[in-house]
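>>> Sequence and predicted structure are below.
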Amino acid sequence: MIAYSEVSAFTLTPGQGNRAGVVLDASGLSERQMQALAAFLEAPETVFVTRLGGHLVQVRYFTPTQEVEFCGHATVALGLMLAQAGLWAGENLELETLAGRIPLRLVCEAGIPQQIWMRQKRHETRPLPLSVRAELAEALGISDRFVHRGLPLAAASTGLWTAFVPLLDSIVLDGLEPDLPRIAELSQAYGVSSVYAYVPMGVNRFAARDFAPLLGIPEDPVTGSAGGALLGLLAREGRLPLRSGRANGVIYQGHACGSPGEVEVEVEMQGDQVVAVHVGGQAVLDREGYWDE
């Protein structure tokens with residue numbers, strides 16, 4: 001019998017935000033068993049702790065259909081469960097993932113965990129061909145006239161590559177009718193995990209939707225890794241206000257799924273280069289259970 005938790009990340013309301021499975025003791029599980037448990041839970045991602053010792057936690061992430069290198073919302077969920085289980089009191093802690101080591105920071109108030117922040121992997125960007133604007137617009141169910149020409153359409157990564165598509169307004173965003181098989185084809189063709197449509201809602205606030213059928217996730221409600229990559233991309237392009245070499249922003253996601261959540265991002269800059277991307281969020285335990293294969 002394997003104990004697991006289901007956690008809502010990037011929210012304090014159970015059942016909203018983005019659901020993640022968390023297994024704090026997966027040291028005895030095979031890869032096949034981890035994949036089977038992730039499929040059983042049907043959360044967008046489940047995180048498995050395969051080794052816990054000192055200031056380093058070794059983890060693996062699985063969607064219902066495959067293993068992925070990193071997942072932001074599952075990392076936030078894991079941070080909450082480690083704190084609530086008395087395994088982390090806020091000291092320096094790093095996750096060893098397939099994407100590299102991820103430092104975590106715990107914010108508490110009166111001894112109660114409030115936020116988990118993670119420093120994501122090195123921010124990278126690469127251009128996409130001009131033809132992708134029309135292809136991605138069609139796959140999202142819209143005309144390319146609704147693609148914002150003043151914001152970057154590019155691929156970026158802080159662990160997982162994502163194609164970012166800027167749209168004109170939230171009405172267009174909410175009305176998307178994606179062709180998921182086509183999005184999966186384009187994702188594979190351009191070497192990205194998902195297609196992330198975003199809309200400016202203010203100087204440093206954005207609304208977004210993330211489609212990842214290639215990973216077995218039709219629409220990811222709230223996406224920490226992509227949120228960090230987006231704000232890093234915007235900061236690098238000079239689209240966010242800087243104060244003392246830092247840019248901050250908030251992304252609202254999940255409303256179209258009926259599961260709203262918020263991702264907070266802080267980007268450290270040196271000139272026009274991204275030095276570090278930090279993503280933070282809240283989380284709440286939904287329920288706990290046991291799995292018997």
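Arrived safely, thanks for sending.

>>> Just the C-alpha atoms of stretch 264-273, please, in PDB.
Output of stretch 264-273 as PDB, limited to C-alpha atoms (Å, rounded to 0.1, in the frame of the first residue of the first chain):
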ATOM      1  CA  GLU A 264       3.900  34.700  -8.900                       C
ATOM      2  CA  VAL A 265       7.200  35.200 -10.700                       C
ATOM      3  CA  GLU A 266      10.300  37.200  -9.900                       C
ATOM      4  CA  VAL A 267      13.000  37.600 -12.600                       C
ATOM      5  CA  GLU A 268      16.600  38.700 -11.800                       C
ATOM      6  CA  MET A 269      18.200  40.600 -14.600                       C
ATOM      7  CA  GLN A 270      21.800  41.700 -15.500                       C
ATOM      8  CA  GLY A 271      21.600  44.100 -18.300                       C
ATOM      9  CA  ASP A 272      19.300  42.400 -20.900                       C
ATOM     10  CA  GLN A 273      20.200  38.900 -19.600                       C
END
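
>>> List the buried residues in it.
Residues of stretch 264-273 classed as buried by neighbour count (16 or more other CB atoms under 10 Å): E264, V265, E266, V267, E268, M269. The C-beta positions use only the backbone N, C-alpha and C, and glycine is treated the same way.

>>> which residues are contacting stretch 25-34?
Under the criterion CB atoms under 8 Å, 6 or more residues apart in numbering, residues 2-3, 23, 37, 46, 48-52, 60, 62, 67, 293 lie in contact with stretch 25-34.

>>> rerun that using 7 Å as the cut-off
Residues outside stretch 25-34 that contact it (CB atoms under 7 Å, 6 or more residues apart in numbering): I2, F48, V49, T50, R51, R60, F62, E293.

>>> for these, which one is nearest A89?
V49 (16.8 Å; CB to CB).

>>> my read: the closest one touches V57, true?
Yes - with contacts defined as CB atoms under 7 Å, V49 counts as touching V57 at a distance of 5.9 Å.

>>> Please enumerate the helices of the stretch 51-200 of the chain.
72-84, 132-140, 170-174, 180-189 (DSSP state H, counting those that start in this stretch).

>>> Looking at those, which is nearest to T13?
That would be helix 72-84 among the helices of the stretch 51-200 of the chain, by CB to CB, at 14.0 Å.

>>> Leaving out sequence neighbours, find the closest residue to N92.
Using CB to CB, 6 or more residues apart in numbering and skipping residues adjacent in sequence, the residue nearest N92 is H55, 5.3 Å away.

>>> pLDDT at the closest residue to V107 other than its chain neighbours, what is it?
In space, and not counting its chain neighbours, V107 is closest to Q115: 4.1 Å by CB to CB, 6+ apart. Reported pLDDT at Q115 in the predicted model: 94.

>>> list the contacts for Q115?
Counted by CB under 7 Å, 6+ apart, Q115 has contacts V107, G280, G281, Q282.

>>> Could you check how far the nearest residue to the last one once chain neighbours are set aside is from G245?
Looking back up the chat, that one is Q282. Closest residue to Q282 apart from its sequence neighbours, by CB to CB, 6+ apart: L12 at 5.1 Å. In this view, L12 and G245 are 31 Å apart by CB to CB, to the nearest Å.

>>> OK, contacts around V59?
Per CB under 7 Å, 6+ apart, neighbours of V59: V47, F48, V49, T50, L78, L95, E96, T97.

>>> repeat for V279
G72, W117, M118, Q120, G224, G227, G228, V263, V265.

>>> Spatially, which two of those are the most separated?
Once CB to CB is applied, those give W117 and G227 as the farthest pair, at 12.7 Å.

>>> These two: which has the busier surroundings?
Comparing W117 with G227 by other CB atoms under 10 Å, the one with more neighbours is G227, at 33 against 19.
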